[in-house]
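Engineer: With the sequence up front, the predicted model follows.
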Amino acid sequence: KHPNNSVARMKNVKMIELGRHRITPWYFSPYPEELCPVDCIYLCEFCLKYCKSSLCLGRHLTKCTLKHPPGNEIYRKDAISFFEIDGRQNKVYAQNLCLLAKLFLDHKMVDFDTDPFLFYVMTEFDLRGFHIVGYFSKEKISVEDYNLACLLTLPPYQRKGYGRLIIEFSYELSKYEGKTGTPEKPLSDLGLLSYRSFWAQAILEQLINQNQSAVEGVRPSTTINDICEQTAIKKDDVIYTLKRLNLVTYCRGQHIVCINQNAIEQHRTAMEKCKIRVDPACLQWSPKD
Ligand code: ACO
Ligand code: ZN
């Protein structure tokens with residue numbers, strides 16, 4: 001993700017068709033110039049190849065055998081799956097995914113060098129195939145502890161909890177790697193809202209669980225390091241969230257975590273809305289070293 005001048009560039013694609021959806025783009029994306037004057041760009045919903053007409057897409061569909069993203073399906077629960085795609089092994093797919101994503105991401109350039117990234121595509125299954133809902137990308141090696149580079153829920157699927165699910169999934173991978181992680185900065189406005197909401201839920205869930213253990217006499221109190229360890233959320237983000245929720249005091253050079261009834265109630269209400277969760281038992285994955 002680079003601060004760049006594409007922010008100032010005019011929106012160039014009028015409309016895209018992707019499977020059953022017609023979607024109006026939000027921002028500029030560097031699709032080939034000769035494609036942009038057409039009223040609609042037609043995408044193959046499985047390999048993400050772009051075409052200038054439905055006729056052209058029709059021809060492609062007679063040859064394209066994909067019914068899911070390329071790469072390995074590493075998670076499946078009910079209709080939801082995640083596929084892991086290596087940006088080096090599936091370069092064309094990864095580039096097409098970045099082009100599609102850029103239509104909805106303002107603050108970054110499309111990096112055509114997809115080699116350093118893994119892409120995690122979330123799909124919803126029906127009898128016609130595994131339909132892309134959203135994705136996140138992740139650097140194979142990050143010195144800044146980034147566990148997510150870019151995040152997108154396609155507009156027809158937004159505000160249904162999928163963004164939250166994708167974020168939860170990114171932290172689930174970090175747990176398996178045994179490290180804490182944080183999203184690459186800067187975040188978009190919607191990205192920040194989604195992360196704030198997820199961090200609050202994940203941390204409160206952790207605190208409430210620990211608190212229950214405390215009642216049962218297992219553990220006296222929770223430290224910030226405990227929270228980091230259990231949630232895989234990086235320390236700065238944990239402290240930021242605890243402060244935002246008024247759950248921390250600073251005393252003699254130390255942060256003291258203190259939960260209150262009000263926060264517990266708010267958390268219960270928030271979690272009632274949250275229907276889909278990541279089920280760690282459905283993840284078949286081990287980190288590449
Ligand atoms: N208005 C207000 N709050 C919102 C909105 C919105 N339009 N969208 C999400 N939120 C907040 C809410 O708090 C919501 O929880 P709640 O409504 O249950 O309280 C929480 O975010 C998560 O909502 P989801 O439904 O899980 O998120 P969604 O599937 O809509 O995806 C996402 C969020 C990925 C940010 C989506 O809006 C998107 O793809 N936007 C365009 C691309 C983008 O900005 N990506 C993030 C860039 S930052 C980065 O990549 C590191
Ligand atoms: Zn195709």
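Structural biologist: Everything's here; your move. These numbers come from a predicted model, not from an experiment. Ligands and ions are numbered 1, 2, ... in the order given.
Engineer: only C-alpha atoms for contact and neighbour calcs from this point on.
Structural biologist: Will do.
Engineer: Contact partners for the residue nearest to C274 when sequence neighbours are not counted?
Structural biologist: Nearest in space to C274, with sequence neighbours left out and distances taken as Cα to Cα, 6 or more residues apart in numbering, is G161 at 6.7 Å. Neighbour list for G161: C274, K275, I276 [criterion: Cα atoms under 8 Å, 6 or more residues apart in numbering].
Engineer: Same question for Y250.
Structural biologist: I256.
Engineer: and it, what are its bridge partners?
Structural biologist: Legend: beta-bridge partners of Y250 under DSSP bridges are H255.
Engineer: Likewise for F125?
Structural biologist: F130.
Engineer: Can you name the residue of the stretch 151-289 of the chain nearest ligand 2?
Structural biologist: L154 (18.2 Å; Cα to the ion).
Engineer: Enumerate the residues of the stretch 51-200 of the chain near ligand 1.
Structural biologist: Contacts of the stretch 51-200 of the chain with ligand 1, taken as Cα under 6 Å from any ligand atom, map to 104-105, 149-154, 158-164, 183-184, 187-188, 190-191, 193-194, 197.
Engineer: Inside helices: which ones of these?
Structural biologist: Y162, G163, R164, L190, G191, L193, S194, S197 (DSSP state H).
Engineer: what ranges do the helices span in this structure?
Structural biologist: 54-63, 91-102, 162-177, 189-215, 224-231, 235-244, 261-273.
Engineer: Which of the contacts of G161 ranks first by neighbour count?
Structural biologist: C274 (15 neighbours; other Cα atoms under 10 Å).
Engineer: quick one: the nearest residue to Q284 once chain neighbours are set aside and ligand 1, what's the gap?
Structural biologist: In space, and not counting its chain neighbours, Q284 is closest to I74: 5.0 Å by Cα to Cα, 6+ apart. According to Cα to the nearest ligand atom, to the nearest Å, I74 stands 20 Å off from ligand 1.
Engineer: Then L97?
Structural biologist: Distance from L97 to ligand 1, by Cα to the nearest ligand atom: 13 Å.
Engineer: pretty sure F119 is touching Y135, no?
Structural biologist: Yes. Using Cα atoms under 8 Å, F119 is in contact with Y135, at 7.0 Å.
Engineer: Please say which of the two ends up with more neighbours.
Structural biologist: Shown here are F119 and Y135; by other Cα under 10 Å, F119 has more neighbours (28 against 24).
Engineer: Up against ligand 2, what does this structure have?
Structural biologist: Residues of the chain lying close to ligand 2 by Cα under 5 Å from the ion are C44, C47, C64.
Engineer: swap the cut-off to 8 Å and go again
Structural biologist: 43-49, 60-61, 63-66 (Cα under 8 Å from the ion).
Engineer: Would you mind checking those residues for buried ones?
Structural biologist: L43, C44, E45, F46, C47, L48, K49, H60 (16 or more other Cα atoms under 10 Å).
Engineer: What is the neighbour count of the closest residue to the first one other than its chain neighbours?
Structural biologist: Read that as L43. Nearest in space to L43, with sequence neighbours left out and distances taken as Cα to Cα, 6+ apart, is Y50 at 4.5 Å. By the criterion of other Cα under 10 Å, Y50 has 23 neighbours.
Engineer: Confirm for me that Y50 is in contact with C40.
Structural biologist: No. Using Cα under 8 Å as the test, Y50 is too far from C40 to be in contact (10.3 Å).
Engineer: Identify the residue of the stretch 1-150 of the chain closest to ligand 1, quick one.
Structural biologist: Closest to ligand 1 within the stretch 1-150 of the chain is C150: 3.3 Å, counting by Cα to the nearest ligand atom.
Engineer: If anything else comes up later, I'll come back, but that's it for now.
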